[in-house]
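> Here you go, sequence then predicted model.
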Protein chains: 2
Amino acid sequence: MANRYPVSALQAFTTTVLEQYAVPPADARTTATRMLDADLRGMSGHGVLRLPGYARRLRSGGYNLKPDVRIVRESPVSALVDGDNGLGQVVMTKAASIAIEKAGQSGLAWVGVRRSNHAGAGGVYAAMPLAHDMIGLYMAIGNANHMPPWGGVDMLLSTNPIAVAIPAGDEPAFVLDMATTQASYGRIKVAADRGETMPEGWMVDRRGHPLTDPNRADEGFLIPIGGYKGYGLNLVIGALAGLLNGAALGSAVIDFNRDFETPTNTGQTIVVVRPDLFQPIEEFKAAMDRHIRELKSSTPMEGHPALRVPGDQAPQRTAEMRENGVPLAEATVRRLAGLADELAITDHPFRS
Amino acid sequence: MANRYPVSALQAFTTTVLEQYAVPPADARTTATRMLDADLRGMSGHGVLRLPGYARRLRSGGYNLKPDVRIVRESPVSALVDGDNGLGQVVMTKAASIAIEKAGQSGLAWVGVRRSNHAGAGGVYAAMPLAHDMIGLYMAIGNANHMPPWGGVDMLLSTNPIAVAIPAGDEPAFVLDMATTQASYGRIKVAADRGETMPEGWMVDRRGHPLTDPNRADEGFLIPIGGYKGYGLNLVIGALAGLLNGAALGSAVIDFNRDFETPTNTGQTIVVVRPDLFQPIEEFKAAMDRHIRELKSSTPMEGHPALRVPGDQAPQRTAEMRENGVPLAEATVRRLAGLADELAITDHPFRS
């Protein structure tokens, strides 16, 4: 069962909670906005569901509340941003802005981030350049290792997601946001909250047998997409979003579900490209429209619903949630209400 | 059964065949070198095995033999290269050189290609920046559609490969080269040549049932890695290596296994990044070494061989082939010998 809550109420509540933990108001607002952006895109595993986890880390002193988020290395087409252990949403919002500005000047920009933290849904950052008619590409190191090297048992790798957003014309923009594992850990948390079992193929235990109970997730490990191919892709992201930025990778990645104090040194990278480096923007957007329509109007397999393209449902989903509220699972609501009680926030949307 | 043939003999033979079809000597040498590069990296599906296919296209007038490969749009960090329907290896070799040169100046370069042709193994081009201590990222549109949109039956998508090469220090460089389908069409051709059956999971027929006979490949379609995730990744490559460059995509892609005359308008993209935009190159290479060693020295599953990292066996494989020759399947040898007879080339390595 999921209840619905107005976007504005969730955003206000999230901001209030963060402020109660002494996050400066502007940073609290930025973080809350990015979290709701995730919910509104249907990426609920990275939305307000994450607030209790962030709160626990804030309580434990795991974040720098007054970070000096700054560029430590720079060229006209690149920047290395040191997040100074600030909230990931704050750090990545700044990094994305820098990348968009640089791409505005030179057409292309690559901005790496180190000493950041969990920033939520990658699709949210990849999509930020869309408003400027630019392509966004985001890669990140996950904040806990849930996967061994292909064929191994030592958990040295995270879900390392990649997100790509490409502008279209009349069609909704293309937005892909995927972990390089068959399932993201966020989706597993959602499954646990909903009391659902996981399909086979998401996780295996240490002997390679399927694991389907999301509450036993810490007994097994995630499976990369396409086996050794997803393993390879995961390593690419590790190198480009982690090592290249001087961020944590492999055994240096702490498990932020267990350790709430040690700085995570999270690495993230955003690449922004202006399509008009290659052709007039309106021509490109029209070509994207034609391509998307060709895919969506092609023939489905017998019994299969209409075909989709990543991102195609985001605008209508967002509009629907703005109208009817954001659906939250009961377990999520219970935890958010508990957080309100703990902080003595009396004016909150989760009173029963 | 595979026989072994010296690298120099295969390279000379390939060059001779191309010259017989009126390819200018320098272009013939470049193409032969790139084809042998693929064999030497163990990517035999894109090596000399492809020569009969290229020959057929040359015979049919499908290539422009005197292409004016030129930059049609340019910035300090980007170029759009028009391949003028030249041999793909010639076009992509030039595009990679342009990207390396631009990245040498500005640290970062994105070069797109249109009106190119099948260029062989993506890993070969991604690896070219390695000699300059740079990272290479290659994406391409495959030359025949073998996959429908996820859940569909109209074959509008190709194997769209991605290749990434990242320099290391003492360890072999990281080189990933993968189709976004579970199997590449090249591997299926190798399986057919070797008389092997395909494992389940490579292809399905139009009703979704597994297809394991590589000789029946044209009755079914390829499966994307990770299901809808690989479908999404495939679309990203389609947009960035195809549409953005004004190259063919979707229903505009011709099947180069059936049509030997129509220009393919193949799209390819190479991105080159200098790691020293973000940290001193020696530090980065040392970090890659430590990471690769940590992965490879971690514990394998019971009964599993030692763990691997993409590219780790390339140098020893190359050295071994330079010493003992390149292994070619009998069916490949038979076709190459037939090609020699057809062209009345008497001095060739395949006499029985």
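Now that the structure is in, tell me what you want to look at. Numbering: from 1, shown residues only, chains lettered A, B, ... in the order given.
> surely A:V81 meets A:V91?
Yes: with contact defined as C-beta atoms under 8 Å, A:V81 and A:V91 form a contacting pair (6.8 Å). In this view, the C-beta of every residue, glycine as well, is placed from N, C-alpha and C.
> so who does the residue of chain A most remote from its centre touch?
Relative to the centre of chain A, the most outlying C-alpha is that of A:E302, 33.9 Å out, by C-alpha atoms, centre = their mean. A:E302 makes contact with B:R207, according to C-beta atoms under 8 Å, 6 or more residues apart in numbering or on different chains.
> so what's in contact with A:V81 and A:V91 at the same time?
By C-beta under 8 Å, 6+ apart, the residues touching both A:V81 and A:V91 are A:V69, A:V113, A:S116.
> Which members of these are classed as buried?
The neighbour-count test (16 or more other C-beta atoms under 10 Å in any protein chain shown) marks A:V69, A:V113, A:S116 as buried among the shared contacts of A:V81 and A:V91.
> so which of the residues you listed comes closest to chain B?
Among the buried ones among the shared contacts of A:V81 and A:V91, A:V113 lies closest to chain B (C-beta to the nearest C-beta), at 10.5 Å.
> element containing the closest one?
strand A:108-116 (DSSP states H and E).
> partners of that strand in the sheet?
As defined by DSSP bridges, the strand partners of strand A:108-116 come to strand A:78-82 (parallel), strand A:266-273 (antiparallel).
> if you average pLDDT over the longest one, what comes out?
Summarised as a single mean, pLDDT over strand A:266-273 is 98.
> Give me the residues contacting the helix or strand following it.
Counting by DSSP H and E, the next helix or strand C-terminal to strand A:266-273 is helix A:281-296. Applying C-beta under 8 Å, 6+ apart, the contact partners of helix A:281-296 are A:133, A:166-171, A:174, A:274-276, A:278, A:306-309, A:312, B:149, B:152, B:156, B:235, B:238-239, B:243-244, B:249-251.
> and with 7 Å instead?
Residues outside helix A:281-296 that contact it (C-beta atoms under 7 Å, 6 or more residues apart in numbering or on different chains) are A:133, A:166-171, A:174, A:275, A:307-309, B:149, B:156, B:239, B:243-244, B:249-251.
> Report the residue spans of chain A with pLDDT below the cut-off.
A:1, A:352 (pLDDT under 70).
> which one of the strands paired with strand A:108-116 is the most hemmed in?
strand A:266-273 (a mean of 28; mean count of other C-beta atoms under 10 Å in any protein chain shown).
> interface residues of the stretch 51-200 of chain A facing chain B?
For the stretch 51-200 of chain A, the residues in contact with chain B (C-beta under 7 Å from any C-beta of the partner chain) are A:73, A:75, A:77-78, A:80, A:106-108, A:110, A:112, A:148-149, A:151-154, A:156, A:164, A:166, A:174, A:176, A:178, A:182.
> Take these and keep only those in strands.
Using DSSP state E, the subset of those located in strands is A:R73, A:S75, A:S78, A:L80, A:L108, A:W110, A:G112, A:V164, A:I166, A:F174, A:L176, A:M178.
> Give me the spatial nearest neighbour of the first one, chain neighbours excluded.
It refers to A:R73. The shortest distance from A:R73 to any non-neighbouring residue, by C-beta to C-beta, 6 or more residues apart in numbering or on different chains, is to A:L80 (4.0 Å).
> mind putting the shared contacts of A:V81 and A:V91 in JSON lines, distance to A:G201 included?
Converted to JSON lines, the shared contacts of A:V81 and A:V91 look like this (distance: C-beta to C-beta, whole Å):
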{"residue": "A:V69", "distance to A:G201": "39"}
{"residue": "A:V113", "distance to A:G201": "32"}
{"residue": "A:S116", "distance to A:G201": "31"}
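> I figured A:G208 was touching B:P300, is that so?
No: the pair A:G208 and B:P300 does not pass the contact test of C-beta atoms under 7 Å, sitting 11.7 Å apart.
> the strands in chain A, which residues?
Applying DSSP E to chain A gives strands spanning A:2-5, A:70-75, A:78-82, A:108-116, A:135-140, A:162-166, A:174-178, A:203-205, A:220-222, A:266-273, A:326-329.
> wait, what's in contact with the residue nearest the centre of chain A?
Centroid-nearest residue in chain A: A:A121, 1.7 Å away (criterion: C-alpha atoms, centre = their mean). Residues near A:A121 by C-beta under 7 Å, 6+ apart: A:A38, A:R41, A:M43, A:H46, A:D177.
> Next, the residues that contact the top helix by length along chain A from outside, please.
In chain A, with assignment by DSSP state H, the single longest helix is helix A:88-106. Helix A:88-106 is contacted by residues A:27, A:30-31, A:34-35, A:69, A:71, A:76-77, A:79, A:81, A:83, A:109, A:111, A:113, A:116-120, A:125, A:128-129, A:132, A:134, A:266, A:268, A:270, A:272-274, B:77 when judged by C-beta under 7 Å, 6+ apart.
> how far is it from where the chain is centred?
16 Å (C-alpha atoms, centre = their mean, to the nearest Å).
> Pull out the buried positions in it.
So helix A:88-106, judged by 16+ other C-beta under 10 Å, has buried residues A:88-96, A:98-100, A:102-103, A:106.
> and which of these is nearest chain B?
A:S106 (5.8 Å).
> Could you report the distance from that closest one to A:F278?
A:S106 is 14 Å from A:F278, where distance means C-beta to C-beta, to the nearest Å.
> A:D312 now?
Between A:D312 and A:F278 the computed distance is 24 Å (C-beta to C-beta).
> And the two? Which one has more around it.
A side-by-side neighbour count of A:D312 and A:F278, using other C-beta atoms under 10 Å in any protein chain shown, places A:F278 first with 27 against 20.
> so what's the more buried one up against?
Contacts of A:F278 by C-beta under 7 Å, 6+ apart are B:R73, B:L80, B:G112, B:L244, B:N245.
> Now do the fourth one: how many residues are near it, please.
B:L244 is flanked by 26 other residues according to other C-beta under 10 Å.
> swap in the third one?
Residues near B:G112, counting by other C-beta under 10 Å, number 28.
> A:A241 is in contact with A:T269, correct?
Yes: contact criterion C-beta under 7 Å: A:T269 and A:A241 qualify, at 4.3 Å.
> what touches both of these two?
What both A:T269 and A:A241 touch, as defined by C-beta under 7 Å, 6+ apart, is the set A:M139.
> quick revisit: kindly state the beta-bridge partners for the residue nearest to A:R73.
A:R73, A:G112.
> so what's the nearest residue in space to A:K285 that is not next to it in sequence up against?
Computed as C-beta to C-beta, 6+ apart, the closest residue to A:K285 that is not its neighbour in sequence is A:G169, at 3.7 Å. For A:G169, the contact set (C-beta under 7 Å, 6+ apart) comprises A:K285, A:A286, A:M288, A:D289.
> circling back to that earlier point, angle of the longest helix of chain A against strand B:78-82?
Per axes from the mean of the first three to the mean of the last three C-alpha atoms, to 10 degrees, the angle that helix A:88-106 makes with strand B:78-82 is 60 degrees.
> mind exporting helix A:88-106 as CSV, just the C-alpha atoms?
Output of helix A:88-106 as CSV, limited to C-alpha atoms (Å, rounded to 0.1, in the frame of the first residue of the first chain):
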residue,chain,number,x,y,z
GLY,A,88,26.2,14.9,-2.3
GLN,A,89,23.2,16.8,-3.8
VAL,A,90,24.9,20.1,-3.0
VAL,A,91,28.3,19.0,-4.5
MET,A,92,26.8,17.5,-7.6
THR,A,93,24.5,20.4,-8.2
LYS,A,94,27.5,22.7,-8.2
ALA,A,95,29.5,20.3,-10.4
ALA,A,96,26.7,20.0,-13.0
SER,A,97,26.4,23.9,-13.1
ILE,A,98,30.1,24.2,-13.7
ALA,A,99,29.9,21.6,-16.5
ILE,A,100,27.0,23.3,-18.1
GLU,A,101,28.7,26.7,-18.0
LYS,A,102,32.0,25.3,-19.4
ALA,A,103,30.1,23.5,-22.2
GLY,A,104,28.3,26.7,-22.9
GLN,A,105,31.6,28.3,-23.7
SER,A,106,33.5,25.4,-25.3
